[in-house]
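S.K.: Give me coordinates for this.
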Amino acid sequence: MKHILSYMRRAIEDYDMIEDRDKIAVALSGGKDSITMLNGLKSLQYFYPKKFELIAISVNPGFEYFNKSLGSQCFK
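M.R.: Numbers count the residues shown, from 1 in each chain. Next up is the predicted model:
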């Protein structure tokens with residue numbers, strides 16, 4: 001995960017993607033890409049110099065086995 005975090009931080013800084021007190025919404029599809037992004041941003045919150053709020057968004061597609069608690073599991 002450290003390797004992924006270093007790439008995320010470099011991209012965030014290179015493109016000025018986060019400012020102090022930003023609110024960042026991450027859309028969760030349930031796939032590994034969106035979950036990794038959310039987990040990475042959550043980890044960055046602890047040591048990134050600019051403070052930001054993180055919000056997970058998920059839309060229930062109505063599938064029988066859809067995991068409704070996906071976002072809350074990532075914030076543990």
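
S.K.: how far out from the middle of the chain is the helix ranked longest in the chain?
M.R.: When the chain is parsed with DSSP state H, its longest helix is helix 32-47. Distance of helix 32-47 from the chain centroid (CA atoms, centre = their mean, to the nearest Å) equals 4 Å.

S.K.: do the same with stretch 39-56
M.R.: 8 Å.

S.K.: Can you tell me the centre-most residue of this protein?
M.R.: The centroid of the chain falls nearest to residue 38 when counting by CA atoms, centre = their mean (2.0 Å).

S.K.: and that one, what pLDDT?
M.R.: For residue 38, the pLDDT comes out at 93.

S.K.: Wait, it touches residue 57, no?
M.R.: No. Taking CB atoms under 8 Å as the definition, residue 38 is not a contact partner of residue 57, at 10.0 Å. Any C-beta I mention is one placed from the backbone N, CA and C, and that applies to glycine too.

S.K.: Tell me which residue of this structure is furthest from the middle?
M.R.: residue 64 (25.3 Å).

S.K.: That residue sits in which helix or strand?
M.R.: Using DSSP states H and E, residue 64 sits within no helix or strand.

S.K.: Ok, residue 26 next?
M.R.: In the assignment (DSSP H and E), residue 26 maps to strand 22-27.

S.K.: Show me where the chain dips below the pLDDT cut-off.
M.R.: For the chain, applying pLDDT under 70 flags the ranges 60, 66-76.

S.K.: please redo it, this time with the cut-off set to 80
M.R.: For the chain, applying pLDDT under 80 flags the ranges 30, 59-76.

S.K.: returning to what we had before: quick one: buried residues of whichever helix or strand comes after the longest helix of the chain?
M.R.: Next along the chain after helix 32-47, taking DSSP H and E as the criterion, comes strand 52-57. Under the neighbour-count criterion of 16 or more other CB atoms under 10 Å, strand 52-57 has 52, 54, 56 buried.

S.K.: Perfect, that will be all.
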